[in-house]
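Peer 1: Curious how this folds, go ahead:
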Amino acid sequence: MNPFLRRATEYLRDTSAFLHITSPEPLKTFIARHPKVNDILDLPVRIIGSPGTGKTMMASIVEYRLVEAILRDQSSDETRALAAALTDIHFADGVDPKVVSVRLPMESEYRDFWELPYEDGVKTKLMLSLIQARAMLGWLRTLTANKYRELEDITVIARQGADAQVDQIGGLSSVAIRDRAREVERAVYSVGASLLPPDLADIPSTAQSPYQPFEAIQSFEVTWKSSRISLRPLVILDDVHNLHPEQYAALMHALARREIRVGRWMMMRMDALSPNAVFRSPDESALPGLKYDRDYFDIVMESAANRTGERRQFRKMATDMANRYLRYVEPLQERGYQAFSPLLSKEPPLLTQNNRQKLASVIDREQKALEITSSRREHIRKVVKRYAKGSTKADLTPDVEEAMLRILMHRHAGRVAGTTMSLFDDPEPNVPVKAKSQIVDAARVHLHHDYGRPLHFGMEDLCNASGENAELFLQLAGSLVARMETKVIRNQETTLTPAQQQDALTERASEIIAKWSFPYSKRVRALIDRFVADCRENAMQPNAPLGGGANTIGILESEMKQLLHSDTELPVVLKYAIAYGALSAVRDYGQGGKQWCLLELSGPVCLANGLDLSRGNFLERTVEDLNQILGEAD
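Peer 2: Purely as a prediction, here's the structure:
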């Protein structure tokens, strides 16, 4: 079984095995480095990401039963690294835990409360009572799960001034609190799970009476290694996007109360947000009465603030994840492979002799058509050779140099176009052509499309194509691991060649795109298909005006702001494209004295269509162009 192709939370149930495969990097990347890390237990926090960005995995890591296991046994490098990450996010101090957290999956039964025939306030109260009862039971259960203490050893510390709320939860005895929580859970659950909902007057009194433990408790005191320590409670509501929008808004308002001393995290997908929120614009209309940064804040697991730094951080995280998962691939483990990256060859591929001759013929033919003299061609070749000699780019073979020569010949011809020439003239352009990294990228793209030379290979390309999405990385890496296993079984060299990597990644990326079935996916596909066609046309221009070619569409920021405040369909289509990983959006990108909103094609789209993964090259379009594409799709 290939563990790369399954979620780790589904693959491993054993605590020890789970910890060995879990990377601490998501905690460091998304929480420890967040500017409001000191407020993560004081304000409601929305942790937002596309499917597969690791929200549930991160919630599982900080559950108390795992935190306790990590801190009690730091004999391995893996647990020491996790302990350090927990200290970075203030869940531990390196030795002792500081937080007791419990994760509550927000399954459909919570949504069912919104379908009950009661007033909104009643439905919200029933949902909140069930959440709080299950949170209380979860905290008490996880504190006793590892058999280090009994229920009677747990002391509940009440919030100052919460005497009335303490009476509602059964007092401060942990046994009485548990019994009261069980009673409330049974009563509320019976209402929501009934085949026919009872009349309002027939709802059990236990479900109707006040029950607000979130406003009553402040901390738990427990025995830890023969001493008493205090733990801040945290409830993690996973997948709150399953709630009805009005139900979710009511939940946010309830959890934003200032009296609450319990930490509150809400894990949710981007598609539950408004287009404004997905595009990182202030959207006060989404949660009226609540102010961002004062009443709540977000941790977005796909930030666009520092994209270069993001890619570096993600490569580190992905490398760590891949090495951990590799240990559970038995055929590779048996042969002693400990690191993933060395199994992806970065040896620059070479054209076949036949394709090399075809390229030489094309260059000769175009030299004549462009009226470039032999001496000028030789001069341009020296420019390329000079650059190649000092370049640090690994993939710079003689084939790539020849493709660079062809591109620079076209650029030279464009710069001297219109100049009066005699038969022997070879005019100098005002700006001489230069060889640079963008020309290398363009040459590699041209060779890929014209002669089938591999374009995407190596760990760096794999990480870049994953777009800072952990699950997408594992899916793409899993396709490579499957090829490795096949080679091992056949007693072949395990390391994948660039051509083998390209084939596996292209195939897997195409499968991912073919399975798009989210809302508005047909319209998203129409946009993506047009974007791809335009980007490929740009990339294959002989003079490579944008280097490796565009993989992004740029809309003026002023137009995008107007669009996001409109009631048209396009903002919703773009929201789902971003939420499900077809596009990513970058706001306020400055270039040419203008501010742009960039709509960047995702890694799988670039892999499947042979587009360069470099960032920053975009085609200028308007909102009207996008609306026209949707109109043609109709």
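
Peer 1: And the pLDDT at residue 223?
Peer 2: Note on residue 223: pLDDT of 92.

Peer 1: Surely it is within a strand?
Peer 2: Yes: judged by DSSP: H, G, I helix; E, B strand; the rest coil, residue 223 forms part of a strand.

Peer 1: I'd like the distance between the residue lying closest to residue 540 once chain neighbours are set aside and residue 622.
Peer 2: Spatial nearest neighbour of residue 540, excluding adjacent residues (C-beta to C-beta, 6 or more residues apart in numbering): residue 449 at 6.1 Å. Yep, even glycine has a C-beta here, placed from its N, CA and C like the rest. Distance of residue 449 to residue 622, given as C-beta to C-beta, to the nearest Å: 28 Å.

Peer 1: Compare these two (neighbour count), which wins?
Peer 2: More neighbours surround residue 449 than the other of residue 449 and residue 622, with 16 against 12 (other C-beta atoms under 10 Å).

Peer 1: and the helix or strand containing residue 482, which residues are buried?
Peer 2: Remark: residue 482 resides in helix 470-489, with elements defined by DSSP states H and E. Residues of helix 470-489 classed as buried: 470-481, 483-485, 487-488 (neighbour count, 16 or more other C-beta atoms under 10 Å).

Peer 1: With stretch 204-211 instead?
Peer 2: For stretch 204-211, the neighbour count (16+ other C-beta under 10 Å) marks 206-208, 211 as buried.

Peer 1: Just flag the most distant two among the residues you listed.
Peer 2: Distances among the buried residues of stretch 204-211 were taken as C-beta to C-beta; the most separated pair is 208 and 211, at 9.5 Å.

Peer 1: mind listing what residue 136 touches?
Peer 2: 169, 177-178, 181, 213 (C-beta atoms under 8 Å, 6 or more residues apart in numbering).

Peer 1: and which of those residues is nearest to residue 43?
Peer 2: Nearest to residue 43 among those, with distances taken as C-beta to C-beta, is residue 213, at 18.8 Å.

Peer 1: Specify the beta-bridge partners of the residue lying closest to residue 91 once chain neighbours are set aside.
Peer 2: Excluding its sequence neighbours, the residue lying closest to residue 91 (C-beta to C-beta, 6+ apart) is residue 99, at 4.6 Å. Counting by DSSP bridges, residue 99 forms beta bridges with residue 232.

Peer 1: burial count for residue 99?
Peer 2: 20.

Peer 1: State the distance from it to residue 156.
Peer 2: 15 Å.

Peer 1: Same question for residue 74.
Peer 2: To residue 156, residue 74 is 29 Å away according to C-beta to C-beta.

Peer 1: what about those two, which has more around it?
Peer 2: For residue 74 versus residue 156, neighbours defined as other C-beta under 10 Å are more numerous around residue 156 (24 against 16).

Peer 1: Run a quick check on that one versus residue 177, I expect a contact.
Peer 2: Yes: Residue 156 lies in contact with residue 177 (C-beta atoms under 8 Å); the separation is 6.1 Å.

Peer 1: Next up, the contacts around residue 238.
Peer 2: Counting by C-beta under 8 Å, 6+ apart, residue 238 touches 55-56, 59, 103-106, 267.

Peer 1: So what sits opposite the nearest residue to it once chain neighbours are set aside in the bridge?
Peer 2: Nearest residue to residue 238 in three dimensions, chain neighbours excluded: residue 267, at 4.5 Å (C-beta to C-beta, 6+ apart). Beta bridges link residue 267 to residue 47, judged by DSSP bridges.

Peer 1: Surely residue 267 touches residue 53?
Peer 2: No: the criterion here is C-beta under 8 Å, and residue 267 misses it with residue 53 at 10.1 Å.

Peer 1: Next one, pLDDT for the nearest residue to residue 481 once chain neighbours are set aside please.
Peer 2: Spatial nearest neighbour of residue 481, chain neighbours left out: residue 4 (5.1 Å); criterion: C-beta to C-beta, 6+ apart. Per-residue confidence at residue 4 stands at 77 (pLDDT).

Peer 1: Double-check residue 508 against residue 473; I have them as touching.
Peer 2: No: applying C-beta under 8 Å as the test, residue 508 and residue 473 come out as separate, 11.5 Å apart.
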